[in-house]
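Q: What follows is a predicted structure for the sequence shown.
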Amino acid sequence: MVKLITYNIEYCEGIEGIWYQYLKFWKIFFPPKDLDEKIVSALHKLKPDILALIEVDIGSFRSRGRDEVKFLEEKLKLNSFVEQIKYPLKGWLKLFHHIPILDKQANAIISKFKLNNVKYHVFHEGTKRVVIESTIQCPQKVTLLVAHLALGKKARARQIKELINIVNRIKNPVILMGDFNTFNGEREIRELQEKTHLNDKIALDKKSLPLTEPAWHPKRRLDYILTSPQIKVKKYSILHFPFSDHLPLMIDFTVKK
């Protein structure tokens with residue numbers, strides 16, 4: 001059994017999503033110093049084999065120069081990681097790679113299993129454009145995709161169409177996960193599911209409402225783990241963590257031979 005968690009940690013700013021908390025703008029620059037330790041403590045109890053991170057700081061002055069991906073990998077005693085800045089290196093968005101804090105805003109995968117065949121796909125629309133792809137063996141080959149989709153509805157719709165093409169070119173079973181920003185509901189990913197045959201098994205969680213944001217009182221579903229039919233999801237959990245404005249998702253899975 002493999003345990004996988006995907007979590008938008010909001011750069012460890014410690015906001016649960018209450019509207020007035022966003023007025024504390026200084027947290028963008030000076031987040032709580034011990035929040036990453038609290039996240040580690042909570043995750044350590046669950047012992048994940050794979051951790052996909054959205055909105056992680058990889059070494060700006062906000063994180064006191066600490067690469068939070070490497071920190072989490074070490075603390076959770078995992079063996080492999082890949083991280084990538086969310087913004088492309090072409091066009092005007094390449095300027096983000098030269099702006100303090102923005103030049104360290106990334107997504108990542110941390111894994112007990114060696115991460116192989118790493119690729120970075122770049123959407124043609126939106127600000128957050130980079131999709132991380134990597135393959136693991138657990139023991140069968142599985143390809144992981146981590147995405148953080150656009151805030152704008154039109155850009156997001158175009159990104160979803162590009163995701164369909166990315167998924168359908170992959171021969172291995174796929175796990176697609178991340179923050180999809182589906183502000184208009186799950187119908188936004190209906191075409192994605194129909195054309196890729198990826199499954200959403202959140203209904204397996206009988207204890208929680210299928211909502212992930214804001215963390216303090218969830219009202220909408222923005223975060224997903226979608227799996228190929230060959231992935232047998234044994235358990236699906238929404239984790240009620242108070243460390244971000246998003247709630248993390250966790251699955252326990254095996255791969256059909």
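A: That came through, no problem. Numbering: from 1, shown residues only.

Q: What segments of this structure are strands?
A: 2-8, 50-57, 80-85, 105-111, 116-122, 130-137, 141-148, 174-179, 199-200, 223-227, 231-238, 249-255 (DSSP state E).

Q: Tell me which of those strands approaches Glu186 most closely.
A: Glu186 sits nearest to strand 199-200 of all those, at 7.5 Å, using C-beta to C-beta. C-beta here means a position set from N, CA and C on the backbone, and glycine is covered the same way.

Q: Let me see the mean pLDDT of the closest one.
A: Over the span of strand 199-200, the pLDDT mean works out to 98.

Q: Can you tell me the strand partners of it and which way each runs?
A: strand 223-227 (antiparallel) (DSSP bridges).

Q: which other residues reach the partner strand?
A: Defining contact as C-beta atoms under 8 Å, 6 or more residues apart in numbering, one finds that strand 223-227 is touched by 4, 6, 8, 173-180, 182, 189, 192-193, 196, 198-201, 212-213, 233, 236, 246-249, 251, 253.

Q: what about Trp92, distance to Asp34?
A: Taking C-beta to C-beta, to the nearest Å as the measure, Trp92 falls 37 Å from Asp34.

Q: quick one: which of these two has more around it?
A: Asp34 (11 against 8; other C-beta atoms under 10 Å).

Q: Need the residue closest to the centroid of the protein.
A: Centroid-nearest residue in the chain: Gly178, 3.3 Å away (criterion: C-alpha atoms, centre = their mean).

Q: mind listing what the closest residue to that one other than its chain neighbours touches?
A: Sequence neighbours aside, Ala147 is the residue nearest to Gly178 in space, at 4.3 Å (criterion: C-beta to C-beta, 6 or more residues apart in numbering). Counting by C-beta under 8 Å, 6+ apart, Ala147 makes contact with 107, 131-132, 159, 163, 176-180.

Q: Same check on Phe96?
A: 85, 87, 102-103, 105.

Q: which one of those has the most neighbours?
A: Tyr87 (24 neighbours).

Q: That residue and Val130 touch, don't they?
A: Yes. Tyr87 lies in contact with Val130 (C-beta atoms under 8 Å); the separation is 7.1 Å.

Q: So the residue nearest to the centre of the chain is in contact with Lys86, correct?
A: No. Using C-beta under 8 Å, Gly178 is not in contact with Lys86, being 10.7 Å away.

Q: shared neighbours of those two, anything?
A: Joint contacts of Gly178 and Lys86 (C-beta under 8 Å, 6+ apart) are 107, 148.

Q: so where is the stretch 101-250 of the chain shaky, pLDDT-wise?
A: By pLDDT under 70, the stretch 101-250 of the chain contains no weakly predicted segment.

Q: Lys201 and Pro210, how far apart?
A: Distance from Lys201 to Pro210, by C-beta to C-beta: 11 Å.

Q: neighbour count winner among these two?
A: Each of Lys201 and Pro210 has its neighbours counted (other C-beta under 10 Å); Lys201 has more, 17 against 14.

Q: how far away is Pro100 from Asp57?
A: Counting by C-beta to C-beta - Pro100 and Asp57 are separated by 11 Å.

Q: do the same with Pro229
A: 36 Å.
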